[in-house]
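>>> next come a sequence and a model predicted from it.
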Protein chains: 2
Amino acid sequence: MTQRGYGQFCPVAKAAEIITERWTPLVIRELLMGSRRFNELRRGVPLMSPSLLSDRLKALERAGIVRQERANGHPEYYLTSAGQELRPVVEMLGVWGQPWVRSRVDEAELDVSLLMWDIRRGVRRRQGKRDGRIVVRFEYADAPRGKKHWWLVLDGGQTDLCLTDPGYSVDLRVVTDVSTMTKVWMGDIAFGEALRARKLQFEGPAKLKRSFPTWLSLSPFAGVERPER
Amino acid sequence: MTQRGYGQFCPVAKAAEIITERWTPLVIRELLMGSRRFNELRRGVPLMSPSLLSDRLKALERAGIVRQERANGHPEYYLTSAGQELRPVVEMLGVWGQPWVRSRVDEAELDVSLLMWDIRRGVRRRQGKRDGRIVVRFEYADAPRGKKHWWLVLDGGQTDLCLTDPGYSVDLRVVTDVSTMTKVWMGDIAFGEALRARKLQFEGPAKLKRSFPTWLSLSPFAGVERPER
DNA sequence: CGGTATCCCCCGCGATACTG
DNA sequence: CAGTATCGCGGGGGATACCG
């Protein structure tokens, strides 16, 4: 954004100088979503180069938005209170963007890894605790080689995501395609709707099939009303 | 911002692709503030080149945020309803930025023209109607040559701003410096405070002096609470 | 007044490799 | 895992002039 500033004292301008730099809103989004570690942040913005992420984190630190801390030897990035106050800004951005997104579901932007990473993050943990380990296997026929099969392992409140068979027996199989699962996660189509249209199939115990949609949490913007444009 | 997009389907990313491009938030701010004509917009973002402004307006039109219309022969730019829905975003940006601005009042960013333009826009019109024409002369000793004296002419609900004596008799003289007037307008210091500190002086009928602060409207963010950072 | 056209610089950022 | 280092290019955007 060649951010030399706008030369204006207006608060909108001053705020924009910092947080509307390229990638920065997305980095803040990741931090707001709870990502802490460098590579964790990277997974949320996979197309951003590591050096640029590093630059941005430093810029945000200088701006008083981010603070780096060490947790058992590892650096972690936290939002300061000033950073947390950006939540409404990012939220409004997403709320505004939701109808826009709906109008064009760009196939080129479908990204299984990103989707699965979001799903992993959103899983409501409590479920895992009640029923011991649960292993869900996602199968995307249309995903690129090496990204077709995903294992989501819920165990004792912890959630792991694997691209290689962790060896546990699979409790639930979800067979679908990237586009459908993305739309479901985005709130564009309802879970049951996808099932009925046979765009998404389930295999497993009835009880698990019933509870699955309750602990698979959708995008934070899935519920936003989307009036026609 | 080299806006090739972020390659993400997330609504925050999609929204950011459009409205966090360089200058765009400020252009939207100007439109939200009621600017309609091309050169009127330019005055709000004086450091932006006209070709770039033109580009951005077209991009915003393509994005469905702005619509160009012709009013008695002259092109005017309006926010569509999608564009108007950006008000909370820009507002939150300003509210967030206000404390940041306070911490550094960058002298280099003081701009009399911008300030006077903002003041002109904010003047509550009704006053002019009641009392016929009112001419206020602003005198900034520290302003650059040719920008020291400003005439604000309120006449029949219309407000004009001149850099050359329009010839009318002056009803009220305001003598101050750019930094002080900017701080007052930003809500950093109260009007009375500036008066008491003799950083700002008045000359004119007592009645007008009393009413002046009531129809000189301050920055939309003047009232925002600014906790220490 | 309301923009276009052009030119060119510069640096942001993408790519890739590498290190502690 | 958590970043740095380096390099090169592309094009964004600043400056300026000009046109309808």
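Happy to help now that I have it.

>>> CA atoms for contacts and neighbours, from now on please.
Will do.

>>> which residues of chain A fall in helices?
In chain A, the segments counted as helices under DSSP state H are A:11-19, A:24-32, A:38-44, A:50-62, A:81-84, A:87-103, A:112-122, A:126-131, A:178-186, A:191-196, A:206-215.

>>> who does the first one touch, helix- and strand-wise?
Helix A:11-19 sits against helix B:24-32, helix B:87-103, with contacts defined as 3 or more C-alpha pairs under 8 Å, 6 or more residues apart in numbering or on different chains; DSSP states H and E.

>>> for the ones you listed, which one sits closest to residue A:83?
helix B:87-103 (9.5 Å; C-alpha to C-alpha).

>>> show me what counts as buried in the closest one.
B:87, B:89-102 (16 or more other C-alpha atoms under 10 Å in any protein chain shown).

>>> repeat that for stretch A:31-39.
In stretch A:31-39, counting by 16+ other C-alpha under 10 Å, buried: A:31, A:32, A:33, A:35, A:36, A:37, A:38.

>>> that stretch - what's its average pLDDT?
Averaging pLDDT along stretch A:31-39 gives 96.

>>> what's the spacing between residue A:83 and DNA strand D?
18 Å (C-alpha to the nearest atom of the strand, to the nearest Å).

>>> how many residues are close by the residue lying closest to residue A:163 once chain neighbours are set aside?
Counting by C-alpha to C-alpha, 6 or more residues apart in numbering or on different chains, residue A:163 lies nearest to residue A:150, which is 4.9 Å off, once chain neighbours are set aside. Using other C-alpha atoms under 10 Å in any protein chain shown, residue A:150 has 23 neighbouring residues.

>>> residue A:150 pairs with what?
Taking DSSP bridges as the rule, residue A:150 bridges to residue A:138.

>>> how much space separates it from residue A:117?
11 Å (C-alpha to C-alpha, to the nearest Å).

>>> mutual contacts of the two, please.
Counting by C-alpha atoms under 8 Å, 6 or more residues apart in numbering or on different chains, the shared contacts of residue A:150 and residue A:117 are residue A:161.

>>> circling back: for the helices and strands packed on helix A:11-19, which has the smallest mean pLDDT value?
Taking the mean pLDDT of those, helix B:87-103 comes last: a mean of 90.

>>> contact partners of that helix?
Here helix B:87-103 has contacts from A:9-16, A:85-86, A:88-89, A:92-93, B:25, B:28-29, B:32, B:188, B:221, B:224-229, using C-alpha under 8 Å, 6+ apart.

>>> how does it look with 6 Å?
A:11, A:12, A:15, A:89, A:92, B:226 (C-alpha atoms under 6 Å, 6 or more residues apart in numbering or on different chains).

>>> any regions of chain A where pLDDT drops low?
Applying pLDDT under 70 to chain A picks out residues A:1-3, A:103-105, A:125-131, A:226-229.

>>> one more time with 90
Low-confidence segments of chain A (pLDDT under 90): A:1-5, A:9, A:71-73, A:99-109, A:122-133, A:145-146, A:155-159, A:211, A:213-217, A:223-229.

>>> domain assignment for it?
A:11-85, A:107-215 (automatic domain parsing).

>>> the first one and DNA strand C in contact?
This means domain A:11-85. Yes: shown here: domain A:11-85 in contact with DNA strand C (C-alpha under 7 Å from any atom of the strand) through A:21, A:22, A:47, A:48, A:49, A:50, A:51, A:52.

>>> how long is that domain from one end to the other?
15 Å.

>>> which positions in chain A make contact with DNA strand D?
Residues of chain A lying near DNA strand D (C-alpha under 7 Å from any atom of the strand): A:1-2, A:37-40, A:50-51, A:54-55, A:74-76.

>>> in CSV: the residues you listed, plus distance to residue A:179.
Shown next, in CSV, are these (distance: C-alpha to C-alpha, whole Å):
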residue, distance to residue A:179
A:1, 31
A:2, 35
A:37, 29
A:38, 28
A:39, 26
A:40, 24
A:50, 28
A:51, 31
A:54, 32
A:55, 33
A:74, 36
A:75, 36
A:76, 33
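
>>> which two among the residues you listed are spaced furthest apart?
A:2 and A:74 (31.9 Å).

>>> list the contacts for residue A:14?
Residue A:14 touches nothing, counting by C-alpha under 6 Å, 6+ apart.

>>> go again using 7 Å as the cut-off
B:97, B:101 (C-alpha atoms under 7 Å, 6 or more residues apart in numbering or on different chains).

>>> quick one: it from DNA strand D, how far?
Taking C-alpha to the nearest atom of the strand, one finds residue A:14 at 15 Å from DNA strand D.

>>> nearest residue to the middle of chain A?
What sits nearest the mean C-alpha location of chain A, by C-alpha atoms, centre = their mean, is residue A:118, with 3.0 Å.

>>> so how far is DNA strand C from it?
21 Å.

>>> distance of that residue relative to DNA strand D?
17 Å.

>>> what of residue A:117?
Taking C-alpha to the nearest atom of the strand, one finds residue A:117 at 14 Å from DNA strand D.

>>> ok, that residue - how many residues close by?
Neighbours around residue A:117, by other C-alpha under 10 Å: 16.

>>> and chain A, which of its residues are near chain B?
A:1-2, A:7-9, A:11-15, A:20, A:22, A:26, A:86, A:88-90, A:92-94, A:96-98, A:101, A:109-110 (C-alpha under 7 Å from any C-alpha of the partner chain).

>>> on that earlier part again, turn the helices of chain A into JSON lines, columns for distance to residue B:178.
Converted to JSON lines, the helices of chain A look like this (distance: least, C-alpha to C-alpha, whole Å):
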{"stretch": "helix A:11-19", "distance to residue B:178": "17"}
{"stretch": "helix A:24-32", "distance to residue B:178": "33"}
{"stretch": "helix A:38-44", "distance to residue B:178": "44"}
{"stretch": "helix A:50-62", "distance to residue B:178": "29"}
{"stretch": "helix A:81-84", "distance to residue B:178": "29"}
{"stretch": "helix A:87-103", "distance to residue B:178": "31"}
{"stretch": "helix A:112-122", "distance to residue B:178": "50"}
{"stretch": "helix A:126-131", "distance to residue B:178": "59"}
{"stretch": "helix A:178-186", "distance to residue B:178": "50"}
{"stretch": "helix A:191-196", "distance to residue B:178": "60"}
{"stretch": "helix A:206-215", "distance to residue B:178": "58"}
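
>>> returning to that earlier point: and the contacts of helix B:87-103, which two are the farthest apart?
That would be A:92 and B:226, which, of these, are the farthest apart (C-alpha to C-alpha) at 21.1 Å.

>>> hmm, back to that, how about the contacts of helix B:87-103 in JSON lines, adding distance to residue B:175?
Shown next, in JSON lines, are the contacts of helix B:87-103 (distance: C-alpha to C-alpha, whole Å):
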{"residue": "A:11", "distance to residue B:175": "25"}
{"residue": "A:12", "distance to residue B:175": "28"}
{"residue": "A:15", "distance to residue B:175": "31"}
{"residue": "A:89", "distance to residue B:175": "38"}
{"residue": "A:92", "distance to residue B:175": "42"}
{"residue": "B:226", "distance to residue B:175": "28"}
